[in-house]
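any chance you can model this:
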Amino acid sequence: MQHAILAQGLYKQFTRYHANKPTTLQEAILRGLRRMKPIDQFWALRDVSFSIEPGRMVGLIGRNGSGKSTLLRLLGGIGRPDKGKIRTYGKVRALLDLGVGLHPDLTGRENVFVSGVISGLTRREVQQRFDSIVGFAELESSIDNPLRTYSTGMRLRLGFAIAVHTSPEILLLDEVLTVGDLSFQRKCLDRINQFKAEGCAIILVSHDESQIQQLCDEVIYLREGQLVAHGEPEIVIGQYVAEISNRTHQRTPQEHLTSTTESGIELRLHENRFGSLEMQITNVQLLSAAGFPVKELHSGDALQIEIEYSAPQPIASPIFGVTITREDQLACYDTNTAATGQATPTIQGQGKITLHLKRLDLNSGQYYVNVSIYESEWNYAYDHHWHVYPLLIRQSGYEKGILSVPHQWEFDNAQTLAHRGH
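Residues are numbered from 1 along each chain as shown. Here you go, the predicted model:
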């Protein structure tokens, strides 16, 4: 059997330091070298073995700290296992942090050439692919501006565009498919599917179980550095979700409590709401670009999702999430604060967080906006509202599928048929 990736008996150990002890030489000098002592060592990976064939897409799931990122880094050649062997057959491209390697003082154009060459392309190859990279990133008007003037989304789009133009035979993706708006994400997925069809082996790390199930041929589940399951997506994801649900259920008050949000929405525990309620969502508003409450939008309109919350006791780095689903519960869009790569602060008291979606390119139909707050390691939900907040999307014309992407048809005589859905 031909393998793209072969991992045998992988172990990786790290040293854990106490939170109030220095972890750098500079801190140690300032605070005293005698305090630079490790507390203990722990195994980030323990006896992990698997193989992946060319043309297969494998999802990698597990709680934060389960060893997913460590495994990807080892597969990408960043560090070595303490025990065991890794064999990769083909050019490996790891998208672990899309911002790494991009220099803020260089222009977008200069970053394309520098990153392309670092990734193994010749300058001529970068030149040949330059227009395609810029077009993919949708940065034609700003490619000659310094990177420091780019928004976070623009930098991420550029990083992804460079990465997917390097012709990898093995592609490692760590939570990078939430880049950009829905249309750009669709474009990213199309390119990844193209790689797969060409025989590229792909490993995808994501907290979006529905995305993993839709995209992947098989799934690996890690728990505390050990491989728990490897097999069919539906079966492995079912096992993982069941464990999370069980932890949440154990912490959810067993009384069938009914409450009402500030805007009059009825919440029924164990029906359309679940969680420990240590931190609660007190109100949710769907707002237009102008800030007016809406229950209906035109495809392509902007949407603001305003989440009010209350935390009687300090909650360290909670994860806020939003999932937009159809009536049949198919997840059309999913994002969370952890996907930004930055932890939220410790929260206590009342507050509000707002998700700004610049445009919602969904086809016409009935959707629901689901909101949640999870514990910092995704161990369980503090509060999760499911199919509570309806959103009707309308559009002119008719299209199939989930997305309504702005487009036009063009004949060779330059006559165009523009899409008028936006």
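
so what's Val48 bridging to?
Leu10 (DSSP bridges).

just give me the neighbour total for it.
For Val48, the neighbour count with other Cβ atoms under 10 Å is 24. Bear in mind the C-beta positions are built from the backbone N, C-alpha and C, glycine included.

just the strands from the stretch 151-300 of the chain, written as ranges.
According to DSSP state E, counting those that start in this stretch, the stretch 151-300 of the chain carries its strands in the segments 170-174, 201-205, 218-223, 226-231, 258-260, 266-268, 273-274, 280-287, 296-298.

longest helix of this structure?
Criterion DSSP state H: the longest helix present in the chain is helix 233-251.

which elements pack onto it?
If you count contacts as 3 or more Cβ pairs under 8 Å, 6 or more residues apart in numbering; DSSP states H and E, helix 233-251 packs onto strand 57-61, helix 209-215, strand 218-223, strand 226-231.

what do you get if the cut-off is 7 Å, keeping everything else the same?
Applying 3 or more Cβ pairs under 7 Å, 6 or more residues apart in numbering; DSSP states H and E, we find helix 233-251 packed against strand 57-61, helix 209-215, strand 218-223.

can the ones you listed go into JSON lines with extra columns for distance to Leu391, mean pLDDT and mean neighbour count?
Output for these, formatted as JSON lines (distance: least, Cβ to Cβ, whole Å; pLDDT from 0 to 100; neighbours: other Cβ atoms under 10 Å):
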{"stretch": "strand 57-61", "distance to Leu391": "28", "mean pLDDT": "96", "mean neighbour count": "25"}
{"stretch": "helix 209-215", "distance to Leu391": "18", "mean pLDDT": "86", "mean neighbour count": "18"}
{"stretch": "strand 218-223", "distance to Leu391": "30", "mean pLDDT": "96", "mean neighbour count": "22"}
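
for Gly264, which of those is the nearest?
Closest to Gly264 of those is helix 209-215 (Cβ to Cβ; 29.4 Å).

sketch out the low-pLDDT regions of the stretch 101-250 of the chain for me.
Within the stretch 101-250 of the chain, the stretches with pLDDT under 70 are 101, 178-181.

could you redo the helices and strands packed on helix 233-251 as JSON lines and give each row distance to Leu102?
Conversion of those to JSON lines gives the following (distance: least, Cβ to Cβ, whole Å):
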{"stretch": "strand 57-61", "distance to Leu102": "25"}
{"stretch": "helix 209-215", "distance to Leu102": "25"}
{"stretch": "strand 218-223", "distance to Leu102": "29"}
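
so for Ile353, which of these sits nearest?
Shortest separation from Ile353 across the helices and strands packed on helix 233-251 is recorded for helix 209-215, at 22.5 Å, computed as Cβ to Cβ.

show me what that closest one is packed against.
Helix 209-215 sits against strand 57-61, helix 233-251, strand 331-336, with contacts defined as 3+ Cβ pairs under 7 Å, 6+ apart.

most packed of those?
Scoring these by mean neighbour count under mean count of other Cβ atoms under 10 Å gives strand 57-61 as the most buried, with a mean of 25.

how about the following helix or strand past that strand: buried residues?
Next helix or strand after strand 57-61 toward the C-terminus (DSSP states H and E): helix 68-75. Within helix 68-75, the residues scored as buried using 16 or more other Cβ atoms under 10 Å are Lys68, Ser69, Thr70, Leu71, Leu72, Arg73, Leu74, Leu75.
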